[in-house]
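Have a look at this fold, sequence not included:
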């Protein structure tokens, strides 16, 4: 059972983990009773039973990949060789963790008349999985265009379920793109190359006054932000989050 610690932080337990892409693992935790969050927000996750540590410590800020209506609390991460990730990857079912949060403002805007154009790279997909599944569940009227860049299909977490979501939500369009197909063992008939102005133009011909969301590696976020600015998009219409350290 999930409980509250003396500091007011929530204690939870690991339920399940699964590989969702090469070197990327999703961890499912008990959702604290009565605890709520908005799709796109994050938590601080602290390991309480850590067999080792390093200078980065036992706490990480992680976006919530599950949608608010889902029964479990899911986060996903690239499995770098750090003490935190070694301990987390080896944790047994029932391992206790501390949860602080939620926090963050990378949430879907309220004005449904304005479309959402989402630009995700790698593990930066996590907050947008939450948003996309919330939108489908609640039948939100927002038009949502999700661009998702990875090197190969093997590296793309949640790829198949994000593709399948188009059948559930007529307002949602998914445009995954691969930048390194020469190193892939899978067939791919979708977009290739980096997300750029030309790719966006092909998919967004009739889109008026969208709000842009960007999350992924810092260099990608910076590059796409600059591209949008150079295309005349005001910073007031751009929301970003960087995912470093993977």
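That came in fine, so what should we check first? What you see is a predicted model, and the numbers here were worked out from it, not measured in a lab. Numbers count the residues shown, from 1 in each chain.

Spell out, range by range, the helices that occur in this structure.
Taking DSSP state H as the test, the helices found in the chain are 83-90, 126-137, 159-164, 197-203, 218-230.

Looking at those helices, which is nearest to residue 179?
helix 218-230 (10.4 Å; C-beta to C-beta). In this view, the C-beta of every residue, glycine as well, is placed from N, C-alpha and C.

other SSEs contacting that closest one?
Here helix 218-230 touches strand 116-121, strand 211-216, strand 238-242, going by 3 or more C-beta pairs under 8 Å, 6 or more residues apart in numbering; DSSP states H and E.

Show me what the longest strand belonging to the chain is in contact with.
The longest strand of the chain (DSSP state E) is strand 10-21. Applying C-beta atoms under 8 Å, 6 or more residues apart in numbering, the set of residues contacting strand 10-21 from outside is 2-5, 25-32, 35, 48, 72-73, 76, 89, 91-100, 150, 154-159.

in it, what's buried?
10-12, 14-15, 17, 20-21 (16 or more other C-beta atoms under 10 Å).

Sheet-wise, list the partners of that strand with their directions.
Here strand 10-21 has these sheet partners by DSSP bridges: strand 3-4 (antiparallel), strand 24-30 (antiparallel), strand 96-103 (antiparallel).

what about it, average pLDDT?
Strand 10-21 shows a mean pLDDT of 95.

just the angle between it and helix 83-90, please?
80 degrees (axes from the mean of the first three to the mean of the last three C-alpha atoms, to 10 degrees).

Centre of the chain to strand 10-21, how far?
Relative to the centre of its chain, strand 10-21 is centred 15 Å away, using C-alpha atoms, centre = their mean, to the nearest Å.

Then stretch 232-246?
14 Å.

Which residues does that stretch contact?
Stretch 232-246 is contacted from outside by 63, 77-78, 80, 104-106, 121-124, 127, 209-218, 221, 225, 228-229, using C-beta under 8 Å, 6+ apart.

Which of the residues you listed are buried? Put it as a ChimeraX command.
Remark: buried members of the contacts of stretch 232-246, expressed as a ChimeraX selection using 16+ other C-beta under 10 Å:
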select :63,77,78,104,106,121,122,123,124,127,210,211,212,213,214,215,216,217,221,225,228
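
need the contact list for residue 74.
For residue 74, the contacting residues are 26-29, 64-66, by C-beta under 8 Å, 6+ apart.

Break the protein into its domains for me.
Split into domains by automatic domain parsing, the chain comes to 3-103, 116-242.

returning to that earlier point: residue 54: which of the helices and strands packed on helix 218-230 is closest?
With C-beta to C-beta as the criterion, residue 54 lies closest to strand 238-242 of the helices and strands packed on helix 218-230, at 21.5 Å.

now that closest one against strand 116-121, angle please.
20 degrees.

tell me the mean pLDDT over strand 238-242?
For strand 238-242, mean pLDDT rounds to 93.

try stretch 28-47
94.

now that stretch: how far from the chain's centre is it?
Centroid separation between stretch 28-47 and its chain, computed with C-alpha atoms, centre = their mean, is 14 Å.

How far off centre is stretch 71-88?
With C-alpha atoms, centre = their mean, you get 13 Å for stretch 71-88.

Okay, buried residues for that stretch please.
Applying 16+ other C-beta under 10 Å to stretch 71-88 flags 73-78, 82-88 as buried.

Out of those residues, which comes closest to residue 44?
residue 75 (10.7 Å).

tell me which residues form a beta bridge with the closest one?
residue 27.

got the contact list for it?
26-27, 29, 43, 45, 62-65, 126.

Columns distance to residue 145 on top of the residues you listed, output as TSV?
Below are these laid out as TSV (distance: C-beta to C-beta, whole Å):
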residue	distance to residue 145
26	24
27	29
29	30
43	27
45	30
62	25
63	20
64	22
65	20
126	18
